[in-house]
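Student: The sequence and its predicted three-dimensional model are supplied below.
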Amino acid sequence: MAWPGLDLAGRCALVTGASSGIGLACSEALTGLGADVLMVARDAGRLQAQAERVQEAGTRLGWHAADLSMPDGRTELVARMEQTGRELEVLVHCAGLFEPAAIEDVTLESFRRQLEVNVVAPFALTQSLVSLMPEGSSIVFISSAVVHYGVSQASAYSATKGAVEAMVRALAVELAPRRIRVNAVAPGLVRTPMIAGWLAGGNEPQLAGNTLVGRLGEAQDIASVVCLLSSPMSGYIDGETIVADGGVSVP
Ligand SMILES: NC(=O)c1ccc[n+]([C@@H]2O[C@H](COP(=O)([O-])OP(=O)(O)OC[C@H]3O[C@@H](n4cnc5c(N)ncnc54)[C@H](OP(=O)(O)O)[C@@H]3O)[C@@H](O)[C@H]2O)c1
């Protein structure tokens with residue numbers, strides 16, 4: 001059997017949440033492996049600045065600003081993707097929202113906001129974009145390790161990520177006849193703007209001590225798993241969620 005390698009040259013990828021943290025690292029890594037990446041996030045200024053920096057490394061599809069919690073934003077993104085005239089081989093859903101709150105304080109509005117960005121948006125985008133995906137394509141969702149162990153003040157967020165993992169298994173089965181693989185990565189604590197508030201209290205040494213590897217995750221730690229799942233190198237992994245949490249869940 002030929003060794004496929006991690007080469008994504010000429011493949012088209014769409015990454016949401018691409019202006020920051022894990023999505024940005026995924027965009028950089030996929031571009032580095034030769035993929036043409038369309039980078040998507042809400043804040044056009046921040047996204048454009050990051051896309052222009054990443055594009056110097058070879059991205060040709062550029063960026064598209066859209067609020068993925070809004071149906072119009074999703075429709076315009078799908079139209080933009082269709083305008084490229086390209087097939088879509090890699091779809092990476094990184095855009096996410098985490099609004100921590102105690103159970104008495106979390107509002108249903110907050111729950112619905114997180115549901116919309118974390119579940120409805122990737123569901124609707126997958127639904128609209130899958131017709132552009134040829135055999136051999138890969139869809140990667142970002143879940144969270146909170147699905148695999150309880151975390152205080154994260155009940156609403158955990159519910160959305162649990163839904164993501166259930167959706168991944170169902171989609172993997174449904175899309176298998178079309179030879180499209182669907183997987184997820186469930187990161188532990190990764191040093192991005194999303195968790196800056198959690199780290200502000202000086203509890204990083206204790207949180208790092210909970211891992212087996214002795215440190216918090218970096219966005220690149222997750223991007224490398226996404227790249228593996230995006231490439232034929234992981235061709236025998238389907239319907240899975242890979243936990244990348246530095247070993248927190250082991251002991
Ligand atoms: N960091 C962690 O410890 C951790 C752990 C487990 C799972 N995760 C998951 O990993 C994913 C990436 O998180 P991150 O840590 O990289 O967060 P981040 O640095 O805050 O980045 C979030 C990205 O999502 C975009 N975004 C948010 N709402 C959006 C919307 N309505 N429409 C379009 N784009 C939107 C943001 O850009 P704009 O604000 O410009 O839209 C940004 O590019 C999320 O799904 C998160 O739940 C993170």
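Tutor: Great, that's in hand.

Student: gap between the closest residue to residue 60 other than its chain neighbours and residue 120?
Tutor: Spatial nearest neighbour of residue 60, chain neighbours left out: residue 36 (4.7 Å); criterion: Cβ to Cβ, 6 or more residues apart in numbering. Any C-beta I mention is one placed from the backbone N, CA and C, and that applies to glycine too. Distance, residue 36 to residue 120, using Cβ to Cβ, to the nearest Å: 27 Å.

Student: Spell out which residues of the stretch 101-250 of the chain are next to the ligand.
Tutor: 117, 142, 144, 187, 189-190, 192-195 (Cβ under 6 Å from any ligand atom).

Student: Was I right to think residue 193 contacts residue 19?
Tutor: No - applying Cβ atoms under 8 Å, one finds residue 193 not in contact with residue 19, separated by 10.0 Å.

Student: The two - which one has more neighbours?
Tutor: Neighbour tally, residue 193 and residue 19, criterion other Cβ atoms under 10 Å: the higher count belongs to residue 19, 26 against 8.

Student: how about the more buried one, secondary structure?
Tutor: With DSSP: H, G, I helix; E, B strand; the rest coil as the basis, residue 19 sits in coil.

Student: Next: the one 10 residues further on.
Tutor: Following three-state DSSP, residue 29 is assigned to helix.

Student: Once you drop chain neighbours, what's closest to it?
Tutor: Once flanking residues are discounted, residue 29 sits nearest to residue 223: 4.2 Å by Cβ to Cβ, 6+ apart.

Student: Surely residue 156 touches residue 101?
Tutor: Yes - here residue 156 reaches residue 101: they are 7.4 Å apart, a contact under Cβ under 8 Å.

Student: And those two? Which one has more around it.
Tutor: More neighbours surround residue 156 than the other of residue 156 and residue 101, with 22 against 15 (other Cβ under 10 Å).

Student: before we move on, the earlier item: tally up the residues packed near the residue nearest to residue 60, please.
Tutor: There are 22 residues near residue 36, going by other Cβ under 10 Å.

Student: Next, the buried residues of the longest helix along the chain.
Tutor: Longest helix in the chain by number of residues (criterion: DSSP state H): helix 155-175. In terms of neighbour count (16 or more other Cβ atoms under 10 Å), helix 155-175 has its buried residues at 155-165, 167-169, 171-172, 175.

Student: strands paired with the next helix-or-strand element following it, and their directions?
Tutor: Of the helices and strands lying after helix 155-175 in sequence (DSSP states H and E), the nearest is strand 181-187. The strands beside strand 181-187 in its sheet (DSSP bridges) come out as strand 138-142 (parallel), strand 241-244 (parallel).

Student: got those strands as a markdown table, with mean pLDDT and mean neighbour count columns?
Tutor: Listed next are the strands paired with strand 181-187 as a markdown table, based on pLDDT from 0 to 100; neighbours: other Cβ atoms under 10 Å:
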| stretch | mean pLDDT | mean neighbour count |
| --- | --- | --- |
| strand 138-142 | 99 | 27 |
| strand 241-244 | 98 | 20 |
